[in-house]
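**Student:** take a look and give me a structure for this.
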Amino acid sequence: MKNICLLGSTGYIGINSLEVIRGNLDRYRIIALGAGKNIDLLAEQIREFKPPFAAVINTDVAKELKIKLNNQANTEILSGTKGYVQISTLSEVDMAIAAMTGSSGLLPTYSAITAGKDVALANKETLVIAGSLLTNESRETGAHIIPIDSEHSAIQQSIQGHMREDLRKIILTGSGGPFKDFSINRLSEVTPEQALKHPKWKMGRKITIDSATMMNKGIEAIEAKWLFNVDIDQIEILLHPQSIIHSMVEYADRSIIAQLAYPDMRIPISYALSYPRHLHGESPSLDFLSIGKLSFEEPDKKRFRCLDLALTAARTGHSMPAVLSGANEIAVNAFLQGKIGFLEIPQLIENTMERHEVFPIDTIDHALNADRWAQSMAKKILKQMVDS
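**Tutor:** Coordinates of the predicted model:
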């Protein structure tokens with residue numbers, strides 16, 4: 001029996017994680033649930049899984065949740081970052097699923113690793129902001145960081161049983177999002193509603209916008225650099241509209257190992273929870289005859305500038321990836337709120353990066369400070385953009 005702390009239980013990854021756990025109650029037990037403000041769904045989850053602990057975003061939401069539960073669950077309700085950290089480091093927790101959105105997931109995830117807990121990682125920003133700290137800490141404590149992202153899960157599966165020194169490069173695939181073939185003029189007219197309609201995956205709002213801008217591929221490249229200890233220039237990015245090959249690894253002899261499946265987040269979630277086992281799942285088997293063909297394209301970094309900005313940040317290193325992440329968080333929210341256009345997302349990020357003086361990330365406070373600086377600066381630039 002593996003005891004699980006699920007951070008981000010009411011989001012897309014959290015809901016799918018609970019579906020996987022629901023089908024394997026003989027293997028997994030929920031010890032703690034962490035969520036934000038969606039107390040209606042969280043209350044349902046608490047009633048079903050009866051965790052000893054839960055944490056929400058602040059004390060006001062905690063009070064609302066307690067009223068909603070009406071003493072129907074014997075669950076201790078905690079709040080704030082302190083509460084998230086507390087549930088992720090509980091002595092009885094074996095694994096923390098890190099599925100919180102944005103930089104808010106950094107400290108609970110880092111704390112879990114520091115406490116020696118294995119982490120099933122779905123929060124993209126965590127490794128972008130503080131990749132060196134998390135990977136170094138995992139080596140110190142023996143905690144495993146097992147990716148939930150479909151791309152990194154594919155890479156993880158493709159390196160199993162192979163000598164790491166034989167790895168030549170990682171081929172990171174992506175669908176290209178809903179606007180892969182749009183002209184610059186069409187991209188300038190994109191609405192948030194259009195951007196939230198991904199052609200292959202059902203995901204949370206921020207990651208869906210990141211997919212539309214192709215920022216997610218750049219962020220995933222930074223993640224892969226840390227997860228698999230490779231240089232950023234050992235990572236090739238290809239667009240693969242069918243989303244069947246989730247990523248590949250090329251070895252020294254030029255042989256390539258790939259992981260294939262229909263787009264279904266339950267597959268990488270299940271693998272992360274059962275690593276290195278593959279448990280029975282409900283996803284359909286691939287029908288290659290109906291698929292017909294698998295195609296690939298090179299991403300256009302001129303039209304999708306977020307990808308190039310992410311790779312630039314990766315090559316600059318130190319605090320710049322954290323700045324990229326923080327600025328992107330502000331830009332995506334501004335776009336979703338209708339304050340800026342689609343093409344102004346990379347403009348806001350680039351303007352923030354240009355104003356940053358790079359410094360080393362030696363502590364978790366350094367990482368958090370870089371993120372806070374980026375968000376603060378991006379808000380100032382955003383105000384100028386909106387007012388002009």
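
**Student:** can you give me the helices in the stretch 1-150 of the chain?
**Tutor:** Using DSSP state H, counting those that start in this stretch, the helices found in the stretch 1-150 of the chain span residues 12-22, 39-49, 59-69, 80-88, 106-114, 124-141, 150-159.

**Student:** wait, the stretch 151-300 of the chain
**Tutor:** Going by DSSP H, counting those that start in this stretch, the stretch 151-300 of the chain shows helices at 184-187, 192-195, 205-213, 215-227, 266-274, 288-291.

**Student:** list the helices and strands the longest one packs on?
**Tutor:** Spelled out, that is helix 215-227. Secondary-structure packing of helix 215-227 (3 or more CB pairs under 8 Å, 6 or more residues apart in numbering; DSSP states H and E): helix 124-141, strand 145-147, helix 150-159, strand 167-174, helix 205-213, strand 235-239, helix 305-316, helix 320-336. Yep, even glycine has a C-beta here, placed from its N, CA and C like the rest.

**Student:** what average pLDDT does the second one get?
**Tutor:** So the one you mean is strand 145-147. Mean pLDDT, strand 145-147: 98.

**Student:** over to the third one?
**Tutor:** The predicted model assigns helix 150-159 a mean pLDDT of 97.

**Student:** what angle do helix 266-274 and it make with each other?
**Tutor:** 60 degrees (axes from the mean of the first three to the mean of the last three CA atoms, to 10 degrees).

**Student:** give me the distance from helix 150-159 to the chain's centre.
**Tutor:** Put simply, helix 150-159 sits 14 Å off its chain's centre (CA atoms, centre = their mean, to the nearest Å).

**Student:** who does that helix touch, helix- and strand-wise?
**Tutor:** Secondary elements touching helix 150-159 (3+ CB pairs under 8 Å, 6+ apart): strand 145-147, strand 167-174, helix 215-227, strand 245-251, strand 256-260, helix 266-274.

**Student:** from those, which stretch is densest packed?
**Tutor:** Ranked by average neighbour count under the criterion mean count of other CB atoms under 10 Å, these are headed by helix 215-227 at a mean of 26.

**Student:** got the contact list for that helix?
**Tutor:** 124-125, 127-128, 131-132, 134-135, 145, 147, 149, 151-152, 155-156, 170, 172, 174, 207, 210, 230-232, 235, 237, 299, 306-311, 313-314, 321, 324-325, 328, 345 (CB atoms under 8 Å, 6 or more residues apart in numbering).

**Student:** one more pass at 7 Å, please.
**Tutor:** Helix 215-227 is contacted from outside by 124, 127-128, 131, 135, 145, 147, 149, 151-152, 155, 170, 172, 174, 207, 210, 230, 232, 235, 237, 299, 306-307, 309-311, 314, 321, 328, using CB atoms under 7 Å, 6 or more residues apart in numbering.

**Student:** lovely, talk soon.
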